[in-house]
Every structure is written in C-alpha cells, then in structure tokens.
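Chemist: just the structure for this:
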Amino acid sequence: MIPRVLLLLSALLPAAALAQVATEVIEPRHRAALELVPLLESVGGPGSVNVYDNKLIVRATPSQLAEMRQLLDQLDRAARQLMISVRQGGVAERRDQGVGFAGVYRRGDGSIVVPGPDGRVPRDVELQAGERQRRDDSGIRQQVRVEEGREARIFLGSSTPHVVRERLPHGAVVQRSEYVDSGSGFTVLPRVQGDRVQLEIQAQQQMPGRGGTVDSRSAGSVVSGPLGEWFEIGGAVQQSSYAGSSLLGRGEGSRSSQNSIQVRVDLLD
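Modeler: Down below sits the predicted model:
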C-alpha cells in the first residue's frame, strides 16, 4: 500500500509544479523588448520569454517572475546621456648641434661663404660650435553627445577631389568631381559601470586609393577608465638620429615625435 501512495505522490508533483507556472505580459517603458530577452531568460531559462509587438510574454514561476521584475526595475530605465570628449596631442622635438669652421674663404678672385651654426657669417675664419633645439606642440579636441549603449563616431581627415568621367547615352562625355574622404578616426560604444566607463573602440584608417577608391583598415579593442577623468586610449612614439661630417666640420642631431589620444566621458543627467 505504501509503495502505491508514493507512486501516486510522485506522479502528482510535476502537475503541481506546472500549475505554479504563470504567464504575464510586460511592456518595457524605455528599452526595446528584444534587448531584454536574454537578460530575463537568465532567470527563467531558455524559451521562458517571447516578444510580441514590443511586449514581453513571460512564462515562469511566481518566484522567477518576482526576480524578473526586480531585474527590469534596474534595466528598464531611460538611456543616460553622455558627453564623450577626445583630445589628440602631438609633441615634436628637434635638436641639432655641430662644430666646424665658418667665415669667408678667399682664393684668387673668388670666395666661399660658410655660415656658422647660428646662421651668422663672421668676417674672419672661425672655429664655431653651436646647438639648436625646437619644440612644437599641437593638439585637436572634439566632443560628441551620445546615448549610453549607442555608437559615436569621431573622425579626423580631409576630402580629396577626384575627377569622374561618364559617357552619356548619346555619346557625349561629361566629367564631374567627387570627393573622397581620407583620414583616421574611431567608433566608440560606451557602457557605464558604476563610477567607471567601458569603451568598445573600433579604430579606422582610410587612405585614398587608385581610381577614386578608398583603402580602409580597422582594429578593435576594449578599454575602461574613470568617469569624468581623462585617460589614454592610444598613442605612438617615433625617434631618429643622424650624424655626419665634412671637410669643414661635423654635426649630429635627433628628432622625436610623440602622439597620444585621450578620452573623457561625462554624464549629462
């Protein structure tokens, strides 16, 4: 008798569990329903959430529904407005130094003028040494406003005219100018995480090719940094040096350039 009772109870348990599953229709206020499906299915399981007319059709147990509502309270909010600021700075340095003879060399009816390192030509022949340094700073700053979770594109470049010839049906040939964009930039997808922001960056470079075409290259990366503060997302350093000598002197020098890209993300509301 006891085994039959246990068998009957085990058969009734699945039916009781199924009776607890409820269906509820939820209409998101700010976010698209499709965006929320994978997040809610992490609670109710695969197939527990469907979409119809931008409404969520949820089939789950009461405890799962309660957890889903709490999750929606956190996720279904108005998109935050962000201001993305980008600054690109470059520093170029040049140093030249040398030693040699300078002055006016007279020979017969002719003369040879050799200026010194500072560009001055002394009356008499002198042995001079000098050094010159130069530093150039340049920078570009851009800003773009974007909603959180949407891409923004920042591009630096120029438009190059390209002549296009076209033959009309009656045989005449006309030509017109088309402009091809070239330069570099990137698209950025921001996501705020507490007091930090994560940026999905897709760097792009476009160079004019033959026949009005554009050669493009791209590379992706993910970086993060504090909200409201500048942080570096890329850069490059180049250095070179030279040395030479002649009958009248010798010289050496160096060149260096440093470019950096920094970004800052601010909440506007």
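Chemist: tell me what the helix or strand hosting residue 72 is packed against?
Modeler: According to DSSP states H and E, residue 72 maps onto helix 62-75. Packed against helix 62-75 by the contact rule (3 or more Cβ pairs under 8 Å, 6 or more residues apart in numbering; DSSP states H and E) you find strand 22-26, helix 33-44, strand 55-60. C-beta here means a position set from N, CA and C on the backbone, and glycine is covered the same way.
Chemist: to residue 229, which of those lies closest?
Modeler: For those, proximity to residue 229 was assessed by Cβ to Cβ; helix 33-44 is nearest, at 29.0 Å.
Chemist: what angle sits between the closest one and strand 55-60?
Modeler: On the basis of axes from the mean of the first three to the mean of the last three Cα atoms, to 10 degrees, helix 33-44 is oriented at 10 degrees to strand 55-60.
Chemist: buried residues, helix 33-44. List them.
Modeler: 33, 36-37, 40-41, 43-44 (16 or more other Cβ atoms under 10 Å).
Chemist: dump the helices and strands packed on helix 62-75 to TSV, plus distance to residue 262.
Modeler: Formatted as TSV, these follow (distance: least, Cβ to Cβ, whole Å):
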stretch	distance to residue 262
strand 22-26	42
helix 33-44	31
strand 55-60	41
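Chemist: with distance to residue 192 and mean pLDDT as new columns, can these be given to me in JSON lines?
Modeler: Output for these, formatted as JSON lines (distance: least, Cβ to Cβ, whole Å; pLDDT from 0 to 100):
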{"stretch": "strand 22-26", "distance to residue 192": "24", "mean pLDDT": "89"}
{"stretch": "helix 33-44", "distance to residue 192": "16", "mean pLDDT": "88"}
{"stretch": "strand 55-60", "distance to residue 192": "24", "mean pLDDT": "91"}
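Chemist: now do the same contact list for the nearest residue to residue 23 once chain neighbours are set aside.
Modeler: Spatial nearest neighbour of residue 23, chain neighbours left out: residue 59 (4.8 Å); criterion: Cβ to Cβ, 6 or more residues apart in numbering. For residue 59, the contact set (Cβ atoms under 8 Å, 6 or more residues apart in numbering) comprises 21-24, 44, 48-49.
Chemist: just to revisit the earlier point, the helix holding residue 72: which residues count as buried?
Modeler: 64-65, 67-68, 72.
Chemist: residue 87: what secondary structure?
Modeler: Classification of residue 87 using DSSP: H, G, I helix; E, B strand; the rest coil returns strand.
Chemist: mind checking pLDDT for the closest residue to it other than its chain neighbours?
Modeler: Leaving out its chain neighbours, the residue that sits closest to residue 87 by Cβ to Cβ, 6+ apart is residue 141, at 4.4 Å. At residue 141, the pLDDT value in this model is 77.
Chemist: and residue 141, that's in a strand?
Modeler: Yes - checked against three-state DSSP, residue 141 lies within a strand.
Chemist: name the helices or strands packed onto the helix or strand where residue 256 lies?
Modeler: Residue 256 belongs to strand 249-267 when assigned by DSSP H and E. For strand 249-267, the elements it packs on are strand 81-107, strand 173-193, strand 196-208, strand 231-245, judged by 3+ Cβ pairs under 8 Å, 6+ apart.
Chemist: rerun that using 7 Å as the cut-off
Modeler: On a contact count with 3 or more Cβ pairs under 7 Å, 6 or more residues apart in numbering; DSSP states H and E, strand 249-267 meets strand 81-107, strand 231-245.
Chemist: now do residue 229 against residue 37, distance only.
Modeler: As judged by Cβ to Cβ, to the nearest Å, residue 229 and residue 37 stand 35 Å apart.
Chemist: same thing with residue 27?
Modeler: Using Cβ to Cβ, residue 27 is found at 14 Å from residue 37.
Chemist: does the residue nearest to residue 87 touch residue 89 like I think?
Modeler: No - taking contacts as Cβ atoms under 7 Å, residue 141 lies outside contact range of residue 89: 9.0 Å.
Chemist: more crowded one of these two?
Modeler: Using other Cβ atoms under 10 Å as the criterion, residue 141 and residue 89 rank with residue 89 on top: 15 against 10.
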